[in-house]
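Trainee: what shape does this take:
(2 chains)
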Amino acid sequence: MNAIEVQNLHKHFGAVRALNGLNMQVKQGSIYGFLGQNGAGKTTTLRILAGLARADEGMVALNGTREQLQGVPSDHVGYLPEEAAFYEWMTPLEYLNFSGEIFHLDTHTRKTKSLELLEKVGLKEAQKRRIGGFSHGMRQRLGLAQALINEPKVLLLDEPVSALDPAGRKEMLELIQSLSGSATVLMSTHILADVERICDTIGIINAGKMIIEAERGELLDRYAVSALEVDLANGDAARITEMNHAFAQMEGVNSVMNTQNTLHLQVKNPQEAASKAMQVITAAGVQITRLEVVRPSLEDIFIQLTSEGKVQS
Amino acid sequence: MSLWTAFKKEWLEQRRTHRLLIAVIVLAAFGMLSPLLAKFMPEIFAMIPGAEQIASIIPAPTVNDAVAQYIKNITQFGVLMALLFCMGAVASEKEKGTAALVLSKPMGRGSFILAKFLAVAATFAVGMAAAALGGYYYSYFLFEPLAWGPYLAMNGLILVYMLFYGSVTLFFSTLTRTQFVAVGGAAAVLIVSGVFGSLPTYGKFSPDTLVNIAAKVALGQPVESWWGLWVGLGLTIAVLTASWLVFRRQEL
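Mentor: As a prediction, the model looks like this:
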């Protein structure tokens, strides 16, 4: 059964078309990574699902109920926006208590749940401090805590770990991952490594349209042999630049990324591309230590799909 | 339930952000000062060089002067505070994003708006109670005791007058995301209402006549027209309803 179902969703902001017939299906209990470039329509989708915005056209159903079309928030949804804003004069404990009260939780449950969540997100020590003095990371942790106060069936997270340091990010991702099975998580993010790490399903949106939606393994397998990696031995900048240009012009190469001394080439036919790449390398006079056909990362797939902008079946 | 939850949060905010304290201090101060100013006005003029002549023509102050001074001061500063307290009530919550986080939960937008108004009303009610006590004590001490019933009715009418402008400011705060635009809109209504109130035939329908009604009630004089009160109350309800209707259609 799908916890979230979106069909043919359209949304305009004046002349700007934010969503252009978006379709999405999120299975119950899954952790869904929602990817897309800036302005692709991720936040708009989440705001519609959270009941803060209305779609111009289309259908949205949460837990099998078409309850979000009129911009009405649900009892069973938790939402964390990209920039979670709180009342500066409140303490985290007060805010969670207030949030719990909106969801009609009784006093005992609110107190227990608030303390438990503050412990989980690492804010127990700061429970009586004013939120006004919190860092961006602390606010994001509190944002996740308030989104979980009602033990939601559906959790909507807009860039939930973007402001956290590596250690904080790891903890938060583990916390989100621990929800797998008990809640359905729809998480938008720019950090593809995080998606690769915790999401079991991935959807990529481009220009307001879903261009691919698949389970993580299936997505990676589908694009299994389409990248070449070249480790460079010497660092002659001019020659490397010349070689990069040659790679970019090479037939069958979708993109070239240069990370320190490693070149990463997205290609259509890796065997053919490997042969051509050797010719380019020899012609440029650049020494290499490795040329290998590699399994693509999610980043490769993301760049390939969003640059092509094609609808994949 | 949703309204009560929202109200508790708003009331806590009134206390935490010291709005309640400010309202009590300002209104109580002017409540106490007004009879004092009325009583010592001739002496004050007598001490100003060149104004001694004015002091000599001022008639001996009475309790009526104390009441007039009280109404003038409390309404001026009360309306100013109503504008300041309500201008960011919704606008700044929309601008900062706090409203989006709260309203992504099952909190009704009507409750969200009404709770803000009720919290401001409670703040002003407490402030007016402090002002009334201070004003009554000094009027009694410096002049003569005022009749409790009319005095309380006068304070109630002033409260309605202030809350009318509070609701108007709240409406503009709902319309916009900028609190200065909200206060500008409310100030425009204040001016228009003042001008309308001075018109000979239709002036009686202006909520600004509440000030005159309050003065007459306090002094036991007959009130020719109660239209100002009914229009003020009606417009307050209408403006709050309009705020809700506007807000429920807004995207956050």
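Trainee: every contact and neighbour count from this point should use C-alpha atoms.
Mentor: Noted.
Trainee: so where do the helices sit in chain A?
Mentor: Secondary structure of chain A (DSSP state H): helices at A:42-49, A:92-102, A:107-120, A:136-148, A:166-177, A:192-198, A:216-222, A:237-249, A:270-284, A:298-308.
Trainee: packing partners for the last one?
Mentor: Helix A:298-308 sits against strand A:31-36, helix A:192-198, strand A:201-206, with contacts defined as 3 or more Cα pairs under 8 Å, 6 or more residues apart in numbering or on different chains; DSSP states H and E.
Trainee: so where's chain B uncertain?
Mentor: By pLDDT under 70, the low-scoring segments of chain B are B:1.
Trainee: and what of the stretch 101-250 of chain A?
Mentor: The stretch 101-250 of chain A contains residues with pLDDT under 70 at A:223-225, A:234-235.
Trainee: one more pass at 90, please.
Mentor: A:121-122, A:135-137, A:161-172, A:174-175, A:178-182, A:189-197, A:204, A:206-207, A:211-212, A:214-250 (pLDDT under 90).
Trainee: near chain B, which residues of it show up?
Mentor: Within the stretch 101-250 of chain A, the positions near chain B by Cα under 8 Å from any Cα of the partner chain are A:Glu101, A:Ile102, A:Phe103.
Trainee: now do the contacts for the residue most central in space within chain A.
Mentor: By Cα atoms, centre = their mean, the mean C-alpha position of chain A lies nearest to A:Thr189, the distance being 2.7 Å. Counting by Cα atoms under 8 Å, 6 or more residues apart in numbering or on different chains, A:Thr189 touches A:Gly33, A:Phe34, A:Leu35, A:Asp158, A:Glu159, A:Pro160, A:Ser162, A:Val195.
Trainee: just the helices from the stretch 1-150 of chain B, written as ranges.
Mentor: According to DSSP state H, counting those that start in this stretch, the stretch 1-150 of chain B carries its helices in the segments B:2-16, B:19-47, B:52-57, B:63-86, B:91-96, B:98-103, B:109-142, B:148-175.
Trainee: against chain B, how distant is A:Thr306?
Mentor: Remark: distance between A:Thr306 and chain B (Cα to the nearest Cα, to the nearest Å) = 28 Å.
Trainee: now do the same contact list for B:Trp4.
Mentor: Applying Cα under 8 Å, 6+ apart, the residues contacting B:Trp4 are B:Ala115.
Trainee: if we go to 10 Å?
Mentor: Going by Cα atoms under 10 Å, 6 or more residues apart in numbering or on different chains, B:Trp4 touches A:Glu101, A:Ile102, B:Glu10, B:Ser111, B:Phe112, B:Ala115.
Trainee: list the contacts for residue 17?
Mentor: This is for chain A. By Cα under 10 Å, 6+ apart, the residues touching A:Arg17 are A:His10, A:Lys11, A:Ala40, A:Gly41, A:Ala207, A:Gly208.
Trainee: if you could check chain B rather than the one you did, that'd help
Mentor: Taking Cα under 10 Å, 6+ apart as the contact definition, B:Thr17 lies against A:Glu88, A:Trp89.
Trainee: from B:Ala188, how far out is the residue nearest to the centre of chain A?
Mentor: 45 Å (Cα to Cα, to the nearest Å).
Trainee: for B:Ala130, same thing?
Mentor: 30 Å.
Trainee: of the two, which one has the most company?
Mentor: Applying other Cα atoms under 10 Å in any protein chain shown to B:Ala130 and B:Ala188 shows that B:Ala130 carries more neighbours, namely 22 against 11.
Trainee: give me the nearest residue to that one, chain neighbours excluded.
Mentor: Excluding its sequence neighbours, the residue lying closest to B:Ala130 (Cα to Cα, 6 or more residues apart in numbering or on different chains) is B:Ala28, at 5.0 Å.
Trainee: ok, the closest residue to A:Glu299 other than its chain neighbours to A:Leu22 distance?
Mentor: Leaving aside its chain neighbours, A:Glu299 sits nearest to A:Leu192 (6.2 Å; criterion: Cα to Cα, 6+ apart). Going from A:Leu192 to A:Leu22 by Cα to Cα gives 21 Å.
Trainee: looking at those two, which one has more neighbours?
Mentor: Remark: of A:Leu192 and A:Leu22, A:Leu22 carries more neighbours, 23 against 17, as counted by other Cα under 10 Å.
Trainee: thought the more buried one was touching A:Ile48?
Mentor: No - the criterion here is Cα atoms under 10 Å, and A:Leu22 misses it with A:Ile48 at 12.0 Å.
Trainee: which neighbours do the two share?
Mentor: Contact criterion Cα under 10 Å, 6+ apart; residues shared by A:Leu22 and A:Ile48: A:Leu9, A:Lys11.
Trainee: can you tell me the closest non-neighbouring residue to B:Met128?
Mentor: Using Cα to Cα, 6+ apart and skipping the chain neighbours, the partner closest in space to B:Met128 is B:Leu27 (6.4 Å).
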